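[1] Give me the fold of what follows.
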Amino acid sequence: MAYPSLATHEITTGPLDGELADGVRASFADSPLGLYVHVPFCASTCDFCAFYQTTPTRAGVEAYLDNIRRELALVRWRRPVDTVFWGGGTPGLLGPEDLQKLGETVLAACRGTPSEWTVELAPASVTDARLAVLRALGVTRVSLGVQSFEPSLLDALGRQHTREQVFRAYERVREAGFSSVNLDLMFALPGQDEAAWLADLRQAVALAPDHLSTYCLTFEEDTKLWVKLSGGKVKLDPVLEARLYERTWDELEAAGYAQYEVSNFARPGHLCAHNLNTWNMHEWVGVGPSAAGQHDGWRGANPADLELWGRRVVDGLRMGEDRVVLTPGLLLEDALLFGLRLNGGVDLDALEARFGIPAGLPEPRAALRRLAEQGLIEPESLSAGGGYAPRLTRRGRLLADGVGSELVGLLS
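    Numbering: from 1, shown residues only. Prediction:
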């Protein structure tokens, strides 16, 4: 199940000033600040992947590292960074010296040590030397892109690691002493039945990670799997997908992993703070080609092209794609869209107060009431303070994307 897209509206790209800007900035004054760094390098493209990536060259890596430093220098930092997330691509394709350089550049921008620092790694890229650098920099959390333990399914996805490499990578990460480890898994894969998925899930639980992310395979345009779907070589099975969702929730609950978001589960103390901050509509800075950010009154993205991104950064430009002004209505709408994916739901009264919107707006309440009548939202959802805090029912979590579509455009 894909995350809903953040709303965008075409506007000019001039500076944001005035009363609106001051009000929006004030709503973030005491909230955490995240930093997302997109590392675009991959040795090959997996069949399901729609994220921007490119094959690394020595010149390309060096230009990337220099331009990350330049882009971070363009950011107007109003407070220290709380959480950092390196995604990709495959950050682990960078050599130890390059990881060190990137890490030092990021730390200089953070103005302090982040409370949580996640790095995504592919099992085949995990080495003791790379892990030693990351650990010394202060990385606290490693996310391994396992996807499956079954060789035939890995091959069907175009993944470049083996089952044995997963086990060895996990062992190395644990031996290195990172405080939290996540495993990414995918289900509803071509050729995967319920028994095969449960075998993958139970194998993951047997490793005892601190966090598990389980994603239903989605067919993104311009991917190899999309071409296969369009040509009838693979087929969707919504009934099986729904059954696998529910089996996943039951299996992981029994194993001691609490579901806190539709696709994410954790042992106590190991929820991903960076992702929670994003889903709760706080601020994050995005750097690197294709990275998106929400900061300083704007939301936008960098171009998904290493060279074009580099040229723009050299010219002093960033976040020029899909650039939108943040308004209280837009922020409230997206806080609802993403917040309802969280098992704890959202405190609507608190959100209205946070974004400076008059309490009791009829539009979202009427939409939420309709969803409750359809059995998708708990009918009596109250916050600790007695306010209205809608949260999805089990059936609602199965249809979370559809729930989100009902809320799009209410306030933005």
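[2] quick one: the strands in the stretch 1-150 of the chain?
    For the stretch 1-150 of the chain, strands defined by DSSP state E, counting those that start in this stretch occupy the ranges 33-39, 83-88, 116-121, 141-147.
[3] Relative to residue 327, which of those strands is closest?
    Closest approach to residue 327 among those is made by strand 33-39 (20.0 Å; Cβ to Cβ). (Glycine included, C-beta is placed from N, CA and C.)
[4] quick revisit: which among the strands of the stretch 1-150 of the chain is found nearest to residue 305?
    Nearest of the strands of the stretch 1-150 of the chain to residue 305, taken as Cβ to Cβ: strand 33-39 at 12.0 Å.
[5] ok, back up a step: which one of the strands of the stretch 1-150 of the chain lies closest to residue 331?
    Of the strands of the stretch 1-150 of the chain, nearest to residue 331 by Cβ to Cβ is strand 33-39, at 15.4 Å.
[6] contacts for that closest one?
    52, 64, 68, 79-91, 93-94, 102, 106, 109-110, 114, 274, 277-278, 282-293, 295, 302 (Cβ atoms under 8 Å, 6 or more residues apart in numbering).
[7] please redo it, this time with the cut-off set to 7 Å
    68, 79, 81-89, 91, 94, 106, 110, 274, 277-278, 283-291, 293 (Cβ atoms under 7 Å, 6 or more residues apart in numbering).
[8] Going by neighbour count, which of those residues are buried?
    Buried positions within those, assessed by neighbour count (16 or more other Cβ atoms under 10 Å), are 68, 81-89, 91, 94, 106, 110, 274, 277-278, 283-291, 293.
[9] in the protein, which residue is closest to the centre?
    The centre of the chain sits closest to residue 275, judged by Cα atoms, centre = their mean, with a distance of 5.7 Å.
[10] which SSE is that residue in?
    Secondary structure from DSSP states H and E places residue 275 in helix 273-279.
[11] Check which helices and strands that helix sits against.
    If you count contacts as 3 or more Cβ pairs under 7 Å, 6 or more residues apart in numbering; DSSP states H and E, helix 273-279 packs onto strand 33-39, strand 83-88, strand 116-121.
[12] what ranges do the helices span in the stretch 201-350 of the chain?
    For the stretch 201-350 of the chain, the helices defined by DSSP state H, counting those that start in this stretch cover 224-230, 238-254, 273-279, 306-314, 328-339, 348-354.
[13] looking at those helices, which is buried most?
    A comparison of the helices of the stretch 201-350 of the chain by mean neighbour count, using mean count of other Cβ atoms under 10 Å, puts helix 328-339 on top with a mean of 23.
[14] and stretch 378-396, what's its mean pLDDT?
    Per-residue pLDDT values over stretch 378-396 give a mean of 78.
[15] just stretch 63-79 next, same as before
    Rounded mean pLDDT across stretch 63-79 is 96.
[16] remind me which residues of the chain are low pLDDT?
    1-22, 44-52, 159, 219-236, 381-386, 412 (pLDDT under 70).
[17] Recalculate using a threshold of 80.
    For the chain, the stretches flagged by pLDDT under 80 are 1-23, 25, 42-53, 156-161, 218-236, 358-361, 379-388, 410-412.
[18] related to what we said a few turns ago, between the helices and strands packed on helix 273-279, which gets nearest to residue 218?
    So among the helices and strands packed on helix 273-279, strand 83-88 is nearest, using Cβ to Cβ, at 16.8 Å.
[19] Show me what that closest one is packed against.
    Looks like strand 83-88 contacts strand 33-39, strand 116-121, helix 273-279 (3+ Cβ pairs under 7 Å, 6+ apart).
[20] Now that we have these, can you turn them into a markdown table and tack on distance to residue 389?
    Output for the helices and strands packed on strand 83-88, formatted as a markdown table (distance: least, Cβ to Cβ, whole Å):
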| stretch | distance to residue 389 |
| --- | --- |
| strand 33-39 | 24 |
| strand 116-121 | 25 |
| helix 273-279 | 15 |
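[21] Residue 371 is nearest to which of the ones you listed?
    Residue 371 sits nearest to helix 273-279 of all these, at 18.6 Å, using Cβ to Cβ.
[22] which outside residues touch that closest one?
    By Cβ under 7 Å, 6+ apart, helix 273-279 touches 32, 34, 83, 85, 115-116, 118, 261, 284, 338-339, 341-342.
[23] Could you do stretch 74-81 as well?
    Against stretch 74-81 from outside (Cβ under 7 Å, 6+ apart): 33, 35, 109-112, 114, 285, 296, 316, 318.
[24] Buried subset of the residues you listed, written for PyMOL?
    Buried residues among these (16+ other Cβ under 10 Å), as a PyMOL selection:
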select buried, resi 33+35+109+110+114+285+296+318
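[25] now the contacts of stretch 74-81 as JSON lines including distance to residue 141?
    As requested, the contacts of stretch 74-81 are exported to JSON lines (distance: Cβ to Cβ, whole Å):
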{"residue": "33", "distance to residue 141": "17"}
{"residue": "35", "distance to residue 141": "14"}
{"residue": "109", "distance to residue 141": "19"}
{"residue": "110", "distance to residue 141": "15"}
{"residue": "111", "distance to residue 141": "20"}
{"residue": "112", "distance to residue 141": "17"}
{"residue": "114", "distance to residue 141": "10"}
{"residue": "285", "distance to residue 141": "18"}
{"residue": "296", "distance to residue 141": "26"}
{"residue": "316", "distance to residue 141": "33"}
{"residue": "318", "distance to residue 141": "26"}
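[26] can you tell me which of the contacts of stretch 74-81 lies nearest to residue 216?
    residue 35 (28.4 Å).
[27] how much space between the closest one and residue 405?
    30 Å (Cβ to Cβ, to the nearest Å).
[28] Pretty sure residue 295 is one of the things residue 25 touches, is it not?
    No: Residue 25 is beyond contact range of residue 295, at 9.8 Å (criterion: Cβ atoms under 7 Å).
[29] Name the surrounding residues that touch stretch 164-178.
    Around stretch 164-178, the neighbours that count as contacts under Cβ under 7 Å, 6+ apart are 123-124, 126, 128, 131-132, 135, 139-142, 144, 146, 149, 181, 207.
[30] what's the closest of those residues to residue 322?
    residue 141 (28.3 Å).
[31] How many neighbouring residues does that closest one have?
    For residue 141, the neighbour count with other Cβ atoms under 10 Å is 23.
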